[in-house]
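K.L.:
What follows is a predicted protein model with its sequence.
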Amino acid sequence: MYPGRYAAVAPDRPVVHEAATGRTLTYRKLEDASVRFAHWLRAHDVGKDDHIAVVTVNDATALELYWGAVRSGVYVTFVNTHLAPIEAAYLVDDCDAKVLVVSAPLADLAEAIVPLTPKVTHRVAFDENTVYLSPAPIYHAALLRYGVSTQALGGPGTLGLARICDENGNRLPTGEIGTVYFERDDFSFEYHTDPEKTASTRHPFEGNWYTTGDIGSLDEDDYLFLTGRDKFTIISGGVNIYLQEIENVLALHRSIADVAVVGVPDADRGERVEAFVQLVPEAEGSDDAEDDIIGFCRERLSRFTCPRHVRFVDELPRTPTGKMVEGRLGELIAQYADTGALS
């Protein structure tokens, strides 16, 4: 969707309505504001293939920034506002942002990451004087698709033809659950400065198939049903959480001999993060030990990422070669799942 196209034929049609403020952004206003931001970028020597980062509250101004950048050939990275300063700074620095745009209410976070983001040459704040029913936080990439609903795949405007494959890349029959791949000839997505991660999204032997990491199945009419994420990722309250990152942190705790971080079915959030921990011989499981482990994690990762509970076990179910026995781990998870939340 290019806003200028709709501004020409329906300038007063609403694009976004902010329920909290009552503000309505029309296609004409979006077009004009994005043009102004594009001029600002050009005046500050930010052009094609450069990057900007945006740290914002739920403010429709973010869409004006996004389209101003897109029409200038500039890449945009939206930063999760719940991240710890060191995590937010890593994203800003890793995307090579020349400009950092921040909502005024997030000034404290912006100030905390200034010394950690030396590549940024321009820092801009916007507030209520800076001149979409939102189903998710504005920093979430899904908003840029304006709340796309599940639909039959393969037609105009979709991600491509959906294919369901097993762990070896072989296609699965209708109704069977596996990794969702999309077949698309004009696909050009890649992770910035991370070719290894980019390669992990590609099908092992089909050059024009890629995956977003979702798990699901197709019915007889080729409608796609998503059932979850890959085993290293969960979605809690609409936010992706990467379990391996948490395990890597907890493995450094002085009292932990072994750890498995998992998603436990949750009635409110879909899944919640919990950690099954095997302690070193001299340590004892207790409420204080749980608080210490969670606090250790919160010092290093954002609060929403860290386990809500730590479950102490005598031993984690591993094979002699160290591989986790998924079935037995699943039994542990089921013990703590909310009633009715198990899928």
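P.N.:
Structure's in. What do you need?
K.L.:
ok, which stretches of this protein are helices?
P.N.:
3-9, 27-43, 61-70, 85-94, 107-113, 195-200, 243-250, 287-298, 326-336 (DSSP state H).
K.L.:
Out of these, which is the most enclosed?
P.N.:
Scoring these by mean neighbour count under mean count of other CB atoms under 10 Å gives helix 61-70 as the most buried, with a mean of 23. Where C-beta positions appear, they are placed from N, C-alpha and C, glycine not excepted.
K.L.:
Show me what that helix is packed against.
P.N.:
The helices and strands touching helix 61-70, judged by 3 or more CB pairs under 8 Å, 6 or more residues apart in numbering; DSSP states H and E, are helix 27-43, strand 51-55, strand 75-78.
K.L.:
could you say what helices and strands the longest one packs with?
P.N.:
What it means is helix 27-43. By 3+ CB pairs under 8 Å, 6+ apart, helix 27-43 packs against helix 3-9, strand 14-17, helix 61-70.
K.L.:
Now the residue most central in space within the chain: closest residue in space that isn't a chain neighbour?
P.N.:
In the chain, the centroid-proximal residue (CA atoms, centre = their mean) is residue 240; its distance is 4.6 Å. Ranked by CB to CB, 6 or more residues apart in numbering and with sequence neighbours excluded, the top spatial neighbour of residue 240 is residue 233, at 5.7 Å.
K.L.:
ok, now which ones touch residue 91?
P.N.:
53, 77, 79-80, 83 (CB atoms under 8 Å, 6 or more residues apart in numbering).
K.L.:
about what we covered before: of all the helices and strands packed on helix 61-70, which one is nearest residue 178?
P.N.:
strand 75-78 (30.0 Å; CB to CB).
K.L.:
ok, back up a step: and the residue nearest to residue 240, how many neighbours does it have?
P.N.:
17 (other CB atoms under 10 Å).
K.L.:
wouldn't it be in contact with residue 245 here?
P.N.:
No - using CB atoms under 8 Å as the test, residue 233 is too far from residue 245 to be in contact (9.9 Å).
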